[in-house]
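Peer 1: Below are the sequence and a predicted model; questions follow.
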Amino acid sequence: MLSGSGLVVFLLMLTSRAHCMAQPCVCMALPHSGLQVNCSSLRLTELPHLPSDTVELHVQDNQLTTVSPGLFDRLVSLKKVSLSGNPFRCDCRIQYLRNWLLKNMAAVSKEPTCASPSSVAQRRITELSDDFFSSCAQTSCTGGAYNAVIGLTLLCLIVILMWSLRLAKKSAFTLNINKGQAGLKADSLRSQRPKHSSRPSGMLGVGGNSEYLTWTVDQQRPLINMEILPEVLDVLHKKHNIKIKAS
């Protein structure tokens with residue numbers, strides 16, 4: 001027998017365990033076991049968070065159409081469950097409950113049935129075959145893979161487009177030559193590297209940029225014959241992607 005203090009401790013323990021997190025369900029502590037959770041006839045459309053030490057669960061005569069995947073998996077002590085009297089809709093979302101029922105038939109007091117769609121109405125959920133859910137798995141896998149491929153393809157296209165625009169912006173530019181500056185040395189255009197300056201030097205300007213390009217002109221060398229200037233411009237355009245406009 002329990003002493004007075006031991007009885008008080010035992011009653012306090014039962015009271016604390018009877019405090020139910022599954023509102024508005026009613027919980028009652030069972031001797032030497034866990035909790036009995038009664039959620040029947042409450043017009044519930046979904047189950048609340050259930051205590052992990054639930055041993056008995058009564059949710060019959062509610063408005064449940066499905067059970068969230070994984071809801072019963074953490075209730076490792078569950079030994080009795082009542083699910084009948086709910087308008088379960090037997091589509092892809094009912095697959096979890098069907099699989100759980102097949103593995104825990106001993107804990108089910110009365111098997112729940114399908115209320116809709118009409119093709120399976122009044123059939124027990126456990127009677128649904130694997131073929132009934134075959135399209136669900138196919139749609140889920142195919143849809144996920146398709147979305148992943150499309151997303152990756154679009155990302156690659158965006159990267160390629162941005163890289164192409166950046167490359168084109170760097171490699172293509174236009175030079176404007178005034179008539180008074182048309183006497184550039186041929187060797188100067190072919191071999192001299194441009195020198196960058198922050199201000200115009202009066203020689204060549206790069207179109208669309210704040211910098212200007214200048215070439216060092218050797219006064220001892222003969223100037224370009226204007227008759228071959230079109231040929232020089234053509235070479236610069238084809239081999240170096242440099243467009244030159246004479247003004």
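Peer 2: Nice, thanks for sending it over.
Peer 1: Give me the residues contacting the helix or strand that contains residue 96.
Peer 2: Assessed by DSSP states H and E, residue 96 sits inside helix 95-103. With contacts defined as CB atoms under 8 Å, 6 or more residues apart in numbering, helix 95-103 is touched by 66-70, 72-73, 83, 88, 108, 111-112, 125-126, 128, 133, 136. Backbone N, C-alpha and C define where each C-beta goes, glycine included.
Peer 1: Swap in 10 Å and give it another go.
Peer 2: Contact with helix 95-103 is made by 64, 66-73, 81, 83, 88, 90, 94, 107-108, 111-112, 114, 124-130, 132-133, 136-137, as judged by CB atoms under 10 Å, 6 or more residues apart in numbering.
Peer 1: And the protein, split by domain according to the record?
Peer 2: The record's domain parsing of the chain by automatic domain parsing lists 17-136, 169-246.
Peer 1: Helix or strand next in line after the helix holding residue 96, which one?
Peer 2: strand 114-116.
Peer 1: any idea how far residue 62 is from residue 118?
Peer 2: Separation of residue 118 from residue 62 (CB to CB, to the nearest Å): 22 Å.
Peer 1: Flag every buried residue along stretch 97-107.
Peer 2: For stretch 97-107, a neighbour-count test (16 or more other CB atoms under 10 Å) marks 97, 98, 99, 100, 101, 107 as buried.
Peer 1: quick one: average confidence on it?
Peer 2: For stretch 97-107, mean pLDDT is 94.
Peer 1: which ones are touching the residue lying closest to residue 25 once chain neighbours are set aside?
Peer 2: In this structure, residue 25 finds its nearest non-sequential neighbour in residue 39, 3.9 Å apart by CB to CB, 6 or more residues apart in numbering. Contact partners of residue 39, counting by CB under 10 Å, 6+ apart, are 20, 22-27, 47-48, 50, 57-62, 64, 82.
Peer 1: What is the burial count for residue 120?
Peer 2: Using other CB atoms under 10 Å, residue 120 is surrounded by 20 other residues.
Peer 1: I should have written residue 74 there, sorry.
Peer 2: Using other CB under 10 Å, residue 74 has 11 neighbouring residues.
Peer 1: got it, and residue 122?
Peer 2: Counted with other CB under 10 Å, residues neighbouring residue 122 total 8.
Peer 1: Return the distance of it relative to residue 114.
Peer 2: Computed with CB to CB, the distance linking residue 122 and residue 114 is 7 Å.
Peer 1: Next up, phi/psi of residue 55, please.
Peer 2: Per-residue torsions, residue 55: phi -110, psi -40 (degrees, to the nearest 10).
Peer 1: Check the one 3 residues further on too.
Peer 2: Phi and psi for residue 58, reported as degrees, to the nearest 10, are phi -120, psi 110.
Peer 1: in the protein, which ranges drop under the pLDDT threshold?
Peer 2: Within the chain, the stretches with pLDDT under 70 are 1-22, 137-146, 169-226, 240, 243-247.
Peer 1: quick one: the helices in it?
Peer 2: Remark: helices assigned in the chain by DSSP state H are 4-18, 95-103, 134-171, 186-191, 229-240.
Peer 1: Show me what counts as buried in the last one.
Peer 2: Okay, so that is helix 229-240. For helix 229-240, by 16+ other CB under 10 Å, it's 229, 232, 233, 236.
Peer 1: Can you name the two of the residues you listed that sit furthest apart?
Peer 2: Across those, the longest distance by CB to CB is 10.6 Å; it joins 229 and 236.
Peer 1: Check the spacing between the nearest residue to residue 121 once chain neighbours are set aside and residue 62 real quick.
Peer 2: Among residues not flanking residue 121 along the chain, residue 114 sits closest, at 5.9 Å (CB to CB, 6+ apart). Distance, residue 114 to residue 62, using CB to CB: 16 Å.
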